[in-house]
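*Asks:* pasting the sequence and the predicted coordinates here, then a few questions.
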Amino acid sequence: MDSINHDFVTIISENLHINNISYHFNGYDNLLQEVLYSKKQYELDRDQNAYEVAKEYSRLTQERRLIEMEIAKLSEEREKIDRDKKNNDKIIGTLSQRGILLDEKKEEFLTE
């Protein structure tokens, strides 16, 4: 009978020990699951951030192209204005010379 009690106590003790180990493994398993979940969440956040950055970069690149096109267009308009101004200055100079010549002719005509 003593032997049975001793075996029973040994079995209960081993069972408690196994339960204790199982409890610790479950704790580690839960911790591992939390770590894996955190890692997965980090990867999702990182991927989402990368997507947002890529989207913003694309938008800014498109905006930059539009600005560069607008600058080129304005530069062409500025060059045309400068050419027109130069031509107008030449015309004004020519007209001024003609005006001076006309004034001289007028003076000659009036003095005769």
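*Replies:* Now that the structure is in, tell me what you want to look at.

*Asks:* okay, now the unreliable bits of this structure?
*Replies:* In the predicted model of the chain, residues 1-9, 12, 16, 23-24, 112 satisfy pLDDT under 70.

*Asks:* break down the chain into its helices, ranges please.
*Replies:* For the chain, the helices defined by DSSP state H occupy 2-111.

*Asks:* tell me how far the residue nearest to the spatial centre of it lies from Gln48.
*Replies:* Closest to where the C-alpha atoms of the chain average out (Cα atoms, centre = their mean) is Tyr57, at 2.9 Å. Tyr57 sits 15 Å away from Gln48, going by Cβ to Cβ, to the nearest Å. Any C-beta I mention is one placed from the backbone N, CA and C, and that applies to glycine too.

*Asks:* can you check Ile92 too?
*Replies:* 64 Å.

*Asks:* and for Gly93?
*Replies:* Gly93 sits at a distance of 67 Å from Gln48 (criterion: Cβ to Cβ).

*Asks:* next: Glu76.
*Replies:* According to Cβ to Cβ, Glu76 and Gln48 sit 43 Å apart.

*Asks:* could you do Glu68 as well?
*Replies:* Distance from Glu68 to Gln48, by Cβ to Cβ: 30 Å.

*Asks:* could you do Ile71 as well?
*Replies:* Taking Cβ to Cβ as the measure, Ile71 and Gln48 are separated by 34 Å.

*Asks:* repeat for Phe109
*Replies:* Relative to Gln48, and taking Cβ to Cβ, Phe109 is found at 89 Å.

*Asks:* check Leu66 too.
*Replies:* Counting by Cβ to Cβ - Leu66 and Gln48 are separated by 27 Å.

*Asks:* do the same with Tyr42
*Replies:* Tyr42 sits 11 Å away from Gln48, taking Cβ to Cβ as the criterion.

*Asks:* now Arg83
*Replies:* From Arg83 over to Gln48 the distance is 53 Å, taken as Cβ to Cβ.
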